[in-house]
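Visitor: All I have is the shape, not the residue letters:
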């Protein structure tokens, strides 16, 4: 089973009230090859919501207690992000997820790049809180830019790949 950020499947859950819809994510969900999560919604935040960024490090640092997640107005929401990351991990384990495609740059879901915590649009190399926790539990996490048929195919059963091909269910 593949885990996807809900915004990639077209759900309007991003901080700005929008989504980051990717046709392949929608198709994987439709054929039962994927499930979706949104750590920020699971953390109890509304849509739209104030942006949040990690200050003092990356998601791994948040897990280790060396960094925190704060909103643009300065509210510490670290506990919410940690709770949501644990919930996502429990869902992933329940559904025997081995791979996830999550939204890049998010303080929860970023797999290679996150914002630097200054709310100025600058990015740094690093992972979000949920991504870091999933990777600690040997779940492979990729960014949304890698959500392509060629990249996903090795993680799908031959029957699902055939179904996607047969019905032209690819991007």
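Guide: Looks like it arrived, so ask away. Quick caveat: nothing in here was measured; it's all calculated off a predicted structure.
Visitor: What is the burial count for residue 111?
Guide: 28 (other Cβ atoms under 10 Å). For glycine as for every other residue, the C-beta is placed from the backbone atoms N, C-alpha and C.
Visitor: For it, report the pLDDT, please.
Guide: Here the pLDDT value assigned to residue 111 is 97.
Visitor: do residue 43 as well
Guide: 96.
Visitor: Just give me the longest helix of the chain.
Guide: Longest helix in the chain by number of residues (criterion: DSSP state H): helix 78-94.
Visitor: Distance from the chain centre to it, please.
Guide: Chain-centre distance of helix 78-94: 11 Å, with Cα atoms, centre = their mean, to the nearest Å.
Visitor: ditto for stretch 104-115
Guide: For stretch 104-115, the distance to the chain centre is 8 Å (Cα atoms, centre = their mean).
Visitor: What is the end-to-end distance of it?
Guide: 10 Å (Cα to Cα, to the nearest Å).
Visitor: who touches it?
Guide: 5, 39-40, 43, 52-54, 58-59, 69, 81, 84-85, 102-103, 121-131, 141-145 (Cβ atoms under 8 Å, 6 or more residues apart in numbering).
Visitor: now the residues you listed: which count as buried?
Guide: Buried members of the contacts of stretch 104-115, counted by 16 or more other Cβ atoms under 10 Å: 5, 39-40, 43, 52-54, 58-59, 69, 81, 84-85, 102-103, 126-131, 141-144.
Visitor: which of the residues in the helix-or-strand element of the chain with minimal mean pLDDT are buried?
Guide: Lowest on mean pLDDT, DSSP states H and E among the helices and strands of the chain sits helix 158-166, with a mean of 86. When neighbours are counted by 16+ other Cβ under 10 Å, the buried residues of helix 158-166 are found to be 160-161, 163-164.
Visitor: Show me which pair in those residues is furthest apart.
Guide: Farthest-apart pair in the buried residues of helix 158-166 is 161 and 163; separation 7.3 Å (Cβ to Cβ).
Visitor: Helices along the chain, start to end?
Guide: Using DSSP H, the helices assigned to the chain run over residues 23-30, 39-42, 59-63, 78-94, 129-136, 149-152, 158-166.
Visitor: contacting residues around residue 147?
Guide: Residues in contact with residue 147 (Cβ under 8 Å, 6+ apart) are 4, 8, 22, 24-25, 101.
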